[in-house]
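K.L.:
Show me the folded form of this:
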Amino acid sequence: MEKINGYTKEEAEELVRYISEGKRAGKTLTSLFAGYGRQHGRAGGSVRNYYYKLLKTQSAGARALLEGKQLRAAAAVPFSEEEKGEMLRLILTERGKGCSVRRAISNVCGGDAKKMLRYQNKYRNMLKKQPEEVRAAAKRCGAKLPRPSAFLERRLEKEIDALYGRLAVSLREENERLREAVRRLTEENDLLRRASRVKKAMLTVAGGTDAAKGRGGA
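P.N.:
Model prediction:
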């Protein structure tokens, strides 16, 4: 069975079709990742990672799947060395106070979900790919880190997926508020148009009455 980056060809085709149709319908990528994940028993963050990896894959099979779909990866904003160091210092300082990773990142980001997601992804990748750099930063901050484990990695992955979920809910709520505002404005415009027609009709009637009185007086 042919596979593309771990997905079967059929599932990769379905994902590309789902994202392409969803974007044309005006849906956000965050909501599409979450929606596809729910339908197929996959984490939203996992779907997101696969999608962006697929966009960067240069194999003939991947190029054929994406041909004509107009799907492009937005340019990611990379961490500078200074920003990366500051991020580690702030997160590890909070960890040194006994905070969980999630609480530490939330405190550092002031509850900003998008910034939290960016920091959590970067921190997770550093724990996995640059553990020595994280441990060195922790030592400088006086923070004690637990030994990495599959359990902690899964927990961090779940926290990232939860952030995607909250972003999707926030976007849906904002869209609902916008639709409600449009509905109210439409109703108000209809009322104004009806009021304008009534006013014109009343003016016409009044004008006709005045003309009739004028003829009668003559």
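
K.L.:
What segments of this protein are strands?
P.N.:
Ranges of strands in the chain, per DSSP state E, are 3-4, 7-8.

K.L.:
Of those strands, flag the one that's most buried.
P.N.:
When you average the neighbours per residue for each of the strands of the chain (mean count of other C-beta atoms under 10 Å), strand 3-4 leads with a mean of 17. Just so you know, the C-beta spots here come from the backbone N, C-alpha and C atoms, and that holds for glycine as well.

K.L.:
Neighbouring strands of that strand in the sheet, and parallel or not?
P.N.:
Strand 3-4 sits in its sheet next to strand 7-8 (antiparallel), going by DSSP bridges.

K.L.:
And the strand it pairs with, how far out from the chain middle?
P.N.:
25 Å (C-alpha atoms, centre = their mean, to the nearest Å).

K.L.:
72 is where my numbering starts, stick with that
P.N.:
Yes, from this point I'll number from 72; that puts the last item at strand 78-79.

K.L.:
Of the strands of the chain, give the one that comes closest to Thr128.
P.N.:
strand 74-75 (7.1 Å; C-beta to C-beta).

K.L.:
Give me the contact list for the closest one.
P.N.:
Outside strand 74-75, the residues that touch it by C-beta atoms under 8 Å, 6 or more residues apart in numbering are Lys80, Ala83, Leu125, Thr128, Ser130, Gly132, Ala133, Leu136.

K.L.:
do the same with stretch 158-168
P.N.:
Taking C-beta under 8 Å, 6+ apart as the rule, stretch 158-168 contacts 150, 172, 174-176, 178-179, 190, 193-194, 197, 204-205, 208-209, 211-216.

K.L.:
From Gly167, how far off is the nearest residue to Lys98 once chain neighbours are set aside?
P.N.:
Once flanking residues are discounted, Lys98 sits nearest to Gly106: 8.0 Å by C-beta to C-beta, 6 or more residues apart in numbering. Noted for Gly106: a distance of 39 Å to Gly167, by C-beta to C-beta, to the nearest Å.

K.L.:
Same check on Ile75?
P.N.:
Ile75 is 43 Å from Gly167, by C-beta to C-beta.

K.L.:
any idea which of the strands of the chain scores lowest on pLDDT?
P.N.:
The weakest mean pLDDT among the strands of the chain belongs to strand 74-75, with a mean of 84.
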